[in-house]
Structures are given as C-alpha cells and as structure tokens.
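Novice: Next one to model:
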Amino acid sequence: MAARAFFEGLEQRAERANLDGLDHSYRFEIEGEGSWNVRVHAGRVVVTEGPEDGSADATVRMNADVFERLVSGQQNPTTAYMRRKIKVDGDLGAVMKLQRLFG
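Specialist: Purely as a prediction, here's the structure:
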C-alpha cells in the first residue's frame, strides 16, 4: 500500500479500542511519497497532509520501501529502527505506541 493510500484511509481504519489512552501527534515523512501529520486524541485519528504543523510529539522518517514493508507486516519496526532504516526525532515512547495504530 502506498503511503498516500495508507494515510488517506487511516482515520476510517483505526479501531477506537486500539486508541484508548493514546494522546499523541506524529509527523511522518516518507521519502519519495510525502509528509503527513497524524493526531490521536479522545479515540479519534485526524490526518492532514503537507507541511509540519508544529504540534508533533515525534517525527518519523523512512523511505517508501521501508514504509511499505512496515504496513504490510513484513518489517519489524524495532528492527528497522535499530538498523537505522527508520529515524525518529522527539518522543520515542510515543512512537513505541504506534503499534496500536498500525495494528
């Protein structure tokens, strides 16, 4: 799944039960695909495309191939991070909770 399709459908796909207790904002920069801001609050996910809005708790950067493998379940996110295929700036604890959103 291309990054654009993933983020465009994320608000509808996110299961409310998986979002309980999450209150974070993320910036995803997918090389060759684009950038998206994702806000998780009160059991809702709001996605906006485009420039940074300044509210991200963490910024996650990777190339399109790594992103594709992550969302398809072919890539372990921890392994990708340890191998520096994913770069994170900001709150690493918030990023660790992303498994709930991507799961």
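Novice: looking just at contacts, which helices and strands does the host helix or strand of residue 95 meet?
Specialist: Per DSSP states H and E: residue 95 is located in helix 92-96. Here helix 92-96 touches strand 24-31, strand 58-63, going by 3 or more CB pairs under 8 Å, 6 or more residues apart in numbering; DSSP states H and E. Placement of C-beta: from N, CA and C, glycine included.
Novice: Run through who's touching it.
Specialist: Residues from elsewhere that reach helix 92-96, judged by CB atoms under 8 Å, 6 or more residues apart in numbering: 24, 26, 57-58, 60, 88.
Novice: tell me the secondary structure for residue 70?
Specialist: The three-state label given to residue 70 by DSSP: H, G, I helix; E, B strand; the rest coil is helix.
Novice: That one: what's its closest spatial neighbour, skipping adjacent residues?
Specialist: residue 77 (5.9 Å; CB to CB, 6 or more residues apart in numbering).
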